[in-house]
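Novice: Give me a model of this one.
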Amino acid sequence: MRKIFVLLACLSSALLSAQGDGAAIDLQMTADGQLVVMAQSVYKGVIVKEADYAIVGRLTTDEGNPVKTFADMLRSRQPLTVSIGDQGSAARNKEVCERTMDLLKRYDAFDRVKIRTRLPMMSQLMDRHAKAVRTFKAFSMSRCEGDDYTDADGRFATHRMPTDYPYIEDIARPFNVIIGHAAVALYNDRNYWGGTVDFGSFDMAQPKAGKPLKVDIVCADSINTFELLPEQPSTTIERSAPNALTLSLGKAGEPVTLIVNGDHQTGHVLHLFPRAWREDRSSADISFEPGYHKLSEPLRVSSNQSVYIAPGAVVDGTIRIDEAQHARIYGGGMVVNSAGPVVTVSWSKHCNVEDIVVHGHRPQAWQTIVSNSDNILLRQLRIISTRYASTDGLDIVSSHDIKADSCFIRASDDAIAIKGMSELKPSEAPPVRDIALSHMQLWNDCNNAISIGAETRAVFSNISLTDTDILYSYDDPEFHLQLDERAALGLCCLHGTYFSNLVYDDIRVYHCQRLIAMGFKPSFWFGTIHGDQSTPGGIKHVTFRNIRSMHRADSPIANDVWLYGWYNPGTPTKLIEHITFDNVTVDGSLLKNADHPSLKTNNTPRTNIVRPLWFK
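Specialist: Next up, the predicted model:
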């Protein structure tokens, strides 16, 4: 009788699951109350015979892993179709149904397990759960670690966090990010105010027109407020439950930032990097495959060498391109450390750093540095450093012909800093010129979104920032309102020199304190860095075009434009001249003349050192 029942269960399962996705299994219960896989009715395309069911655990998945229990199948995080037949008694049916539901809840498996059954109780339980999900979606700490999963249709791929990754902060995790039934691995840190900062990346193919990639974001708590930045026509978000949102991504490669339940300081912040899917390792001399890799010493990249960091790989240490030509770092993975600079390029030419995540986990150090180099390309970098302070995201020092394109940078100091740090006089030092920054997303919890200075031992020319979103810019969490050189767009000259042909064009500023600050100072950071204005200098031919500051902070410096020349007897006067404001709006108000309340200068009746200002 037992054999007949199992055979019938097999045939029933084959019929019920013929249209299902993934592995098809039957559930039975052993005498000790454990749910087991008594049959896998379709196994590698073959109907399994009755005799194969006698020994539980002999069956394997298509990947070759032993299958012993239903829980084992759920742990594999693969899609399943489960058939639950009549267990022979009402009590037995009830127990199997309830235990099945418990396991589905424990492993958060409802989105990847299809249940096929004619048992009314199971259908009722599933309906009840579906109603609960529509009200409040399940959050699971385990899903923060992500899954290794590649979509069968090639739409996306996710990568699990390496099990020995050492830098997860011991704080409550606020987010799950789910695509289909696969979780995106989320790494984390804290900001100065104790707010949570989570970030993760995944591979994404360019969606077909009208078919965006759907991403579910589930929060551990109810979502009271949320903001998605930047505003992009290809990206939309909508609430799907009191604690969940659905993000629709119509374009790969565009980072998105979500702020939940609070302001940008104390709320939960999520940065997602939907990387444009590509596989490009053919020329790599050094490869880091998925997993955790601890460097015993900095990795130096020589001329004509390339380093590939695969998606899902985490390299713990420092990677340096030093005195090299035609070197490259690329690949989609992450470089991280908690000790100092993460990626540096020095005394090098014609080198690329592309498509990696750079994460300084709570070190007080610059993160990505290009120094004394030329013809360097930085593309699709995602740089994250949230500790206060001296944690610049990208520093370009005493270099020229530098291009940065499509980068996301978050720092708790300058997001981007352009400096001249020679021991020579500015006029004799290597020039800082021909720097083009485009299609950037910037966030700074301190100092400037982009800064030229404060160290300025060089002559600066032909520097541009275009098509950029400044998501958030704050002056200083410990000395708020006390440092007047801080702004979203900043230039602070400590060492008398010249600046010319600077262009800021198509800039969208979502939240900032001071909008622009530009001028000359005798010292910096309460006198800890001394300047030298004994040499001549000036700022001329600067264009601010198509700039929108869209909100007004609750602050007396909100959206200020502060221009300050230099006049001090005994030193050369330094003018700020030929400054153009072309379609610059602050909180909806066009900056159309020198009487605008946001515009401030240090001109006096005796010293007209900021002149002329042009408005369009």
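
Novice: mind saving the C-alpha coords of stretch 390-400 as PDB?
Specialist: Extracted in PDB, the C-alpha atoms of stretch 390-400 (Å, rounded to 0.1, in the frame of the first residue of the first chain):
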ATOM      1  CA  SER A 390      39.800  64.300   5.800                       C
ATOM      2  CA  THR A 391      38.100  61.600   3.800                       C
ATOM      3  CA  ASP A 392      38.100  63.200   0.400                       C
ATOM      4  CA  GLY A 393      36.600  61.000  -2.300                       C
ATOM      5  CA  LEU A 394      38.700  61.900  -5.300                       C
ATOM      6  CA  ASP A 395      41.800  64.100  -5.100                       C
ATOM      7  CA  ILE A 396      43.500  65.400  -8.300                       C
ATOM      8  CA  VAL A 397      46.900  66.800  -7.300                       C
ATOM      9  CA  SER A 398      49.500  68.600  -9.500                       C
ATOM     10  CA  SER A 399      48.200  66.900 -12.600                       C
ATOM     11  CA  HIS A 400      46.800  67.700 -16.000                       C
END
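
Novice: Check the average confidence over that stretch, would you?
Specialist: Taken as a whole, stretch 390-400 has an average pLDDT of 97.

Novice: got it, and stretch 411-418?
Specialist: 98.

Novice: How far does it stretch from one end to the other?
Specialist: Length of stretch 411-418, first residue to last, CA to CA, to the nearest Å: 15 Å.

Novice: and it, how far out from the chain's middle?
Specialist: When C-alpha coordinates are averaged (CA atoms, centre = their mean, to the nearest Å), stretch 411-418 and its chain have centres 16 Å apart.

Novice: do stretch 202-219 as well
Specialist: On the basis of CA atoms, centre = their mean, stretch 202-219 sits 15 Å off its chain's mean C-alpha point.

Novice: Pull out the buried positions in it.
Specialist: Within stretch 202-219, the residues that count as buried by 16 or more other CB atoms under 10 Å are 202, 203, 204, 205, 207, 212, 213, 215, 216, 217, 218, 219. All C-beta atoms are positioned from the backbone trio N, CA, C, and that covers glycine.

Novice: and the third one, what are its bridge partners?
Specialist: Beta-bridge partners of residue 204, counted by DSSP bridges, are residue 156, residue 276.

Novice: Surely it touches residue 274?
Specialist: Yes: using CB atoms under 8 Å, residue 204 is in contact with residue 274, at 4.2 Å.

Novice: Residue 198: what's it in contact with?
Specialist: 144, 173, 174, 175, 186, 187, 188, 268, 269, 270, 271 (CB atoms under 8 Å, 6 or more residues apart in numbering).

Novice: and if we set it to 6 Å?
Specialist: Counting by CB atoms under 6 Å, 6 or more residues apart in numbering, residue 198 touches 175, 186, 188, 270.

Novice: Surely it forms part of a helix?
Specialist: No: going by DSSP: H, G, I helix; E, B strand; the rest coil, the assignment for residue 198 is strand, not a helix.

Novice: Look up the pLDDT of it for me, please.
Specialist: Predicted confidence (pLDDT) for residue 198: 98.

Novice: How about residue 134?
Specialist: The model's pLDDT for residue 134 equals 68.

Novice: likewise residue 12?
Specialist: pLDDT at residue 12 comes out at 35.

Novice: Longest strand in this structure, please.
Specialist: For the chain, the strand that runs over the most residues, judged by DSSP state E, is strand 460-473.

Novice: To which secondary structure element is residue 584 assigned?
Specialist: strand 576-586 (DSSP states H and E).

Novice: returning to what we had before: got the contact list for the longest strand of the chain?
Specialist: So strand 460-473 is in contact with 229-230, 257, 264, 432-444, 449-450, 488, 499-512, going by CB under 6 Å, 6+ apart.

Novice: Mind checking which of those are buried?
Specialist: Counted by 16+ other CB under 10 Å, the contacts of strand 460-473 give 229-230, 257, 264, 432-435, 437-444, 449-450, 488, 499-500, 502-512 as buried.

Novice: From residue 252, how far out is residue 343?
Specialist: 23 Å (CB to CB, to the nearest Å).

Novice: hmm, back to that, so which of the buried ones among the contacts of strand 460-473 sit within strands?
Specialist: Per DSSP E, the buried ones among the contacts of strand 460-473 map to strands at 229, 257, 432-435, 437-438, 441-444, 450, 499-500, 502-509.

Novice: follow-up on the earlier one: got CSV for the buried residues of stretch 202-219, with distance to residue 117 too?
Specialist: Formatted as CSV, the buried residues of stretch 202-219 follow (distance: CB to CB, whole Å):
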residue, distance to residue 117
202, 34
203, 36
204, 35
205, 35
207, 35
212, 34
213, 32
215, 31
216, 26
217, 31
218, 27
219, 32
